[in-house]
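Novice: how would this look folded up:
(4 chains)
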Amino acid sequence: MKIHEYQGKDLFSKYGIPTVKGSVCRSKEEALLAYDKLGLSKAVVKAQVLTGGRGKAGGVKLADNRDELGMVAESILGMGIKGYIVDRVLVAEAVDIAAEYYFSFVIDRNVKSVEMILSREGGVEIEDVAKTSPEKIHKIPIFPFVGVPDFLARKASSLLFDDYGLIVQGKEMIKKLYQLMIETDASLVEINPLVVSKNGDLIALDAKINFDDNALYRQPEIEALFEPTKEEQKELFAKSKGFSFVQLKGEIGCMVNGAGLAMATMDMIKLYGGNPANFLDIGGSSNPNKVVEAMKILMSDSDVKAVLINIFGGITRCDDVARGLLEAFKQIKTEIPIVIRLAGTNEKEGREMLHDTHFYSAETMGEAIRKVVELTNPKK
Amino acid sequence: MKIHEYQGKDLFSKYGIPTVKGSVCRSKEEALLAYDKLGLSKAVVKAQVLTGGRGKAGGVKLADNRDELGMVAESILGMGIKGYIVDRVLVAEAVDIAAEYYFSFVIDRNVKSVEMILSREGGVEIEDVAKTSPEKIHKIPIFPFVGVPDFLARKASSLLFDDYGLIVQGKEMIKKLYQLMIETDASLVEINPLVVSKNGDLIALDAKINFDDNALYRQPEIEALFEPTKEEQKELFAKSKGFSFVQLKGEIGCMVNGAGLAMATMDMIKLYGGNPANFLDIGGSSNPNKVVEAMKILMSDSDVKAVLINIFGGITRCDDVARGLLEAFKQIKTEIPIVIRLAGTNEKEGREMLHDTHFYSAETMGEAIRKVVELTNPKK
Amino acid sequence: MSILINKDTRVVVQGITGRDGGFHAAKMKEYGTRVVAGVSPGKGGSFVSDIPVYNTVYDAVRKDGTDTSIIFVPPMFVKDAIMEAADAGIKLIICITEGVPTLDIVAARHYAFAQGAKIIGPNCPGLITPGESLIGIMPGNIFMPGRTGVISRSGTLTYEVVYNLTSSGIGQSTAVGIGGDPVAGLYFIDLLQMFQDDPETDSIVMMGEIGGDAEERAAGFIKERITKPVVSFIAGQTAPPDKRMGHAGAIISSGSGTAKEKVEALIAAGAKVAKEPAEIPLLLKTML
Amino acid sequence: MSILINKDTRVVVQGITGRDGGFHAAKMKEYGTRVVAGVSPGKGGSFVSDIPVYNTVYDAVRKDGTDTSIIFVPPMFVKDAIMEAADAGIKLIICITEGVPTLDIVAARHYAFAQGAKIIGPNCPGLITPGESLIGIMPGNIFMPGRTGVISRSGTLTYEVVYNLTSSGIGQSTAVGIGGDPVAGLYFIDLLQMFQDDPETDSIVMMGEIGGDAEERAAGFIKERITKPVVSFIAGQTAPPDKRMGHAGAIISSGSGTAKEKVEALIAAGAKVAKEPAEIPLLLKTML
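Specialist: Residues are numbered from 1 along each chain as shown, chains lettered A, B, ... in the order given. Here you go, the predicted model:
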């Protein structure tokens, strides 16, 4: 789960991590009000969208005075960045920057623990630094039970700063960031750029925090920050029914049991010349009600021209699956052609039960996919 | 540092560890008042002294009613237990005991970590159980960074109880006790007996907590509980001057640099037929002021008939030590004979400086101690 | 004959009184796995499918002598369950549970590792040495004893592939589902090494998916250390970026973790990469 | 010639800008010890007795290549200092500081141990291989190179005994002050084993004191494993119970940890126990 920069900065403030004063605004008027209320002179206006590359897209601009601020806020509000419409901006004090750094805590798959990543090359894409000058990036793995004691925070901070006053500021910040990471079940806490102002203060100029979806059950305050997009609302709805669902742009609706098999099904549709309309993992069991719900989700997408149901019957036998499907489709009225492929335990019995129905039944994935692609693309 | 049972129970309550309701009282009247206020029927009166074996000494008694309580309180208040005068008692609800257990957390020197010690044999001296039935005692070492997770507390609790309800009660108690141990820098947290009441409740019927003296600097609330005895007040006073001091009952005052050498000096005094009046380690340096302060402490004990100063000059050379001693004794007026033994770097020069003074000077520990014993015991 | 487990492996089921735990304990026993004990705090003394249930793993280990455990407890209890198993002396811990907070796994894995225990999962279907021992939730009947090792990040896709293998007459030495979470226990490299060292394994099928760079690392390892033929398949070629494809770990972020990179790395390492699951047995036969 | 340290040992002094740290850094250097660096957060870039000072142990290790450290920082910083040293790759950590909270040492020792580092102390005088390296606060001039290993829980008592040894012509291979705290790093048994294994050590002097049962355990170890002659002395025969005799660890509690028990155990193990320090060289000569 991702949150906006301003929400991240609120969390930073809660943990005593220095940021600049700012306020989130949804209109030009609010932006001007914030400007006055915060007593700003030079200010920065930053689009609040849940994607990277805001700067490059023109979503971050400086304003030298009140008038400029109004214009800048107006120009950013409503713009589109990577498909996201900017509905709010962060108006904040502009900082006189002496130097920029990169800092993050991330859960690393290979080290299998939290890792601290630091670089004196800040304000740029860390992936670029990693490619061009990997020696400028420091990585420090964190022992889960030990955490970040003073010595480790001091060591890390010493890698960024030479001045001892800054080393101490950095040390304190690092300890607090780790506390935030652990206490909120974050999977990423990134500050880019972390800056030193001309006054010698350490400031988190940006705040990017991702949270572990698996841990949201014990993080109600974090979960409350979630603002699903329309797309995500559909995914969430599917999740509430027990499905994993991702909307795509094709015309073949998919219903598969298991995430890996569902991905492989999508891949094969593409390989065979079709386009999947979605990823949908209906999970372990496939009782009639679940099939009904899944079909409703697929049919709510008007682009869907055909549906492929690909079920591997393991513990659940294929004849039971077929029985469930027949049961489910008694409740569903649809003209969309449906291809069903059952494999695994009792597959023959299952396929026989689908014989003489309006379903297209297939034996192999290849056969099923060829069929469903043909159904949506009759020219070929 | 030790605290009273009632103070331990206050800490237990703070951490949510179940004890019985009770009140500390300094007179019969207070005891009766507490009896009424707590609404007790059967009650127990327990002497609050910082030593073990209160039960055997008659310092713990049951009272069936209010009248008996008054009598019992009166009889215990003022009694002497192992040299401690009972100036207060704990008046508490008497519990109907179904079973007694032993539980403690202790810092173990050999395991070099905190260790949990448990036994189904409670209410008796754990040292006796250790001797007669060591198999009845369970010891579980605690990883310092891991602490006591649920599984470990459950495992431990399962060693004491068979009933799952009690296992859960025990698990919770164990986790809280460990938290108390760590947060207060305790070196021992002991409950003996830990009881299960006839109602099936787990109750800490006693509370013995010792604290790490080295950690008191960061435990002001714990330090505030310290009530030094007269003896300890003298030790504390010495400590404030930079000395380690322990009062003994002999007639030879000792002033030694280093704890090990001071103990060895005491031992040799005994070996040679004398009796040390104290243990006094004056620490690393031996500047004149420290010697003056140390002499004041020794001379405040009217039993002291002679003083032995045993200094090993290492980094500090013996001639400097001799100069310091001469300087110090210009400020001290005393008739008490003083034997000085200087050894180590520049010992000859040091001894020469003491030549022709009123001090007895000796070359070896043996010589010095023979001399000081002779001075206090002229008959031999 | 196999890696990690065989017919002598004695298993304790943590969370045996839950719906999934109980169901699969019975299924495993039916398959022939030596399921000797179950654990469920508070249910000690009862039985599930004639398997004795204890309050703690310690009791199970003490009374029934086991060094392998399979975990079905709910996500919030997984960390404690793994640590308990490791502390009790269990050396192989298979965690089926899905939805475990990542930081819990990080801590539990670190603790278990220090105790000398190996973890498989979480969010995995378990593992099987066909004809000997099934410790997981896989349908045992689709497997066949043989000499091909299988490693996979997913569940049903593995079944699909194994089904194809078995239908083509290619049996499996051991098949391991390593799980779909970003942080998990034994992973490609560990298992590739085990299969390489196993005299009864002749070839390896490795099924990866988008997210992370474990497949790329595995490719590097295959190039340097693995002499046995490896056939691979990578799921998620059509997955959009920044979307979690069912598995918590199956997500392309900041442009890394794509299927394309993985496929290229594996091909460069000398592995054959199938375009669709059905191609795996065909490729394998060309290499044997 | 020695155990643990020798003329090639390169030392970093943690807390070198403090009074004691600075004083003893100079003294050690004067003795001939290779004191190559000092650490004092915030003082990096300065010099103490021509020794370069760094902000972190990492800097010291990276720039001056050291694997031994001596700690003089105040008690509240000792835990962090030990952990930093161990994390930076220091393999032998000598902690002089007195008054360290026991739970801090428990944690730091555990961490250091996991990193493969050994600790001596806290609250100890350090150690010396006479004529080669002094890492501690002992007066170097009273020691003499030789073939007797010395282990002791106390400071000045050790000097007294060593002084007697040297005066009697008995030199020392290495002398180690293990410290007077209840929980400490290397202890009797570890060092007895090292001296037993050291071809340049012929005999061992072991000085114990009241508190704990380390001497009793050492006695058991001597009986089973040590073939070299051992002479011992136990301080505190006249110490009253429940009183801390200077050292935090020197306390007889609940009737255990008495000198009598320790002496008896050592005699039973075949060690000779001196009645007074001056007797040690005499007893040693009878055994060589």
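Novice: can you pull out the strands in the stretch 101-250 of chain A?
Specialist: With strands called from DSSP state E, counting those that start in this stretch, the stretch 101-250 of chain A shows them at A:113-119, A:137-141, A:186-197, A:202-204, A:208-211, A:244-247.
Novice: check chain C too.
Specialist: Shown for chain C, the strands assigned by DSSP state E span residues C:10-14, C:34-39, C:47-48, C:51-54, C:68-71, C:92-95, C:118-120, C:126-129, C:133-136, C:145-152, C:172-177, C:203-209, C:230-235, C:272-273.
Novice: and the pLDDT at whichever residue of chain A sits closest to chain D?
Specialist: In chain A, no residue comes nearer to chain D than A:Phe151, which is 3.4 Å away by CB to the nearest CB. In this view, the C-beta of every residue, glycine as well, is placed from N, C-alpha and C. Note on A:Phe151: pLDDT of 97.
Novice: name the nearest residue to it, ignoring sequence neighbours.
Specialist: The shortest distance from A:Phe151 to any non-neighbouring residue, by CB to CB, 6 or more residues apart in numbering or on different chains, is to D:Glu84 (3.4 Å).
Novice: which parts of the helix or strand A:Val72 falls within are buried?
Specialist: Element membership of A:Val72 [criterion: DSSP states H and E] is helix A:66-76. Buried positions in helix A:66-76, judged by neighbour count with 16 or more other CB atoms under 10 Å in any protein chain shown: A:69-70, A:72-73, A:75-76.
Novice: quick one: mean pLDDT for it?
Specialist: 93.
Novice: any idea how far that helix is from the chain center?
Specialist: When distances are taken as CA atoms, centre = their mean, to the nearest Å, helix A:66-76 is centred 30 Å away from the chain's centroid.
Novice: following that helix, which helix or strand comes up?
Specialist: Sequence order places strand A:80-81 as the next helix or strand after helix A:66-76, per DSSP H and E.
Novice: wait, the residue of chain A closest to chain D touches D:Asp80, no?
Specialist: Yes. At 4.9 Å, A:Phe151 and D:Asp80 qualify as touching, with contact defined as CB atoms under 8 Å.
Novice: show me which of those two is the more surrounded one.
Specialist: A:Phe151 (24 against 20; other CB atoms under 10 Å in any protein chain shown).
Novice: what number of residues lie near the residue nearest to C:Cys124 when sequence neighbours are not counted?
Specialist: By the measure of CB to CB, 6+ apart, the closest residue to C:Cys124 outside its immediate chain neighbours is C:Gly179, 3.2 Å from it. Burial measure for C:Gly179: 33 neighbouring residues, criterion other CB under 10 Å.
Novice: how close does C:Gly179 sit to B:Asp163?
Specialist: As judged by CB to CB, to the nearest Å, C:Gly179 and B:Asp163 stand 37 Å apart.
Novice: so who does the nearest residue to C:Ala107 once chain neighbours are set aside touch?
Specialist: What sits nearest to C:Ala107 in space, not counting adjacent residues and going by CB to CB, 6+ apart, is A:Pro144, at 4.1 Å. Neighbouring residues of A:Pro144 by CB atoms under 8 Å, 6 or more residues apart in numbering or on different chains: A:113-114, C:103, C:106-107, C:110-111.
Novice: and the two most separated of those?
Specialist: Using CB to CB, the contacts of A:Pro144 reach their maximum pairwise distance at A:Val114 and C:Tyr111, which is 14.9 Å.
Novice: of these two, which one has the most company?
Specialist: Shown here are A:Val114 and C:Tyr111; by other CB under 10 Å, A:Val114 has more neighbours (26 against 22).
Novice: picking that back up, got a list of what the residue of chain A closest to chain D touches?
Specialist: By CB under 8 Å, 6+ apart, the neighbours of A:Phe151 are D:56-57, D:80-81, D:83-84, D:87.
Novice: for residue 59, which non-adjacent residue is closest in space?
Specialist: I went with chain A, as the question did not name one. A:Ala47 (3.3 Å).
Novice: wrong one, chain C
Specialist: C:Asp59's closest residue in space is C:Gly44 (CB to CB, 6+ apart), at 6.8 Å.
Novice: torsion angles phi and psi at that neighbour?
Specialist: phi -50, psi 140 (degrees, to the nearest 10).
Novice: is it true that the residue nearest to A:Phe151 touches D:Asp59?
Specialist: No. D:Glu84 is beyond contact range of D:Asp59, at 11.0 Å (criterion: CB under 8 Å).
Novice: between these two, who's got more neighbours?
Specialist: D:Glu84 (27 against 19).
Novice: how far away is that one from A:Tyr272?
Specialist: The value you get for D:Glu84 to A:Tyr272, if CB to CB is used, is 60 Å.
Novice: same question for A:Leu225.
Specialist: 42 Å.
Novice: looking at those two, which has the bigger crowd around it?
Specialist: Counted by other CB under 10 Å, A:Leu225 and A:Tyr272 do not tie: A:Tyr272 has more neighbours, with 20 against 17.
Novice: where does the prediction get shaky in chain C?
Specialist: Residues of chain C that meet the criterion pLDDT under 70 lie in C:1, C:254-255.
Novice: at 90 what do you get?
Specialist: C:1-2, C:19, C:64-65, C:154-156, C:180, C:211-212, C:238-257, C:287-288 (pLDDT under 90).
Novice: find the nearest non-adjacent residue to the most centrally placed residue in it, please.
Specialist: Nearest to the geometric centre of chain C sits C:Gly177, at 2.8 Å (CA atoms, centre = their mean). The shortest distance from C:Gly177 to any non-neighbouring residue, by CB to CB, 6+ apart, is to C:Pro125 (3.9 Å).
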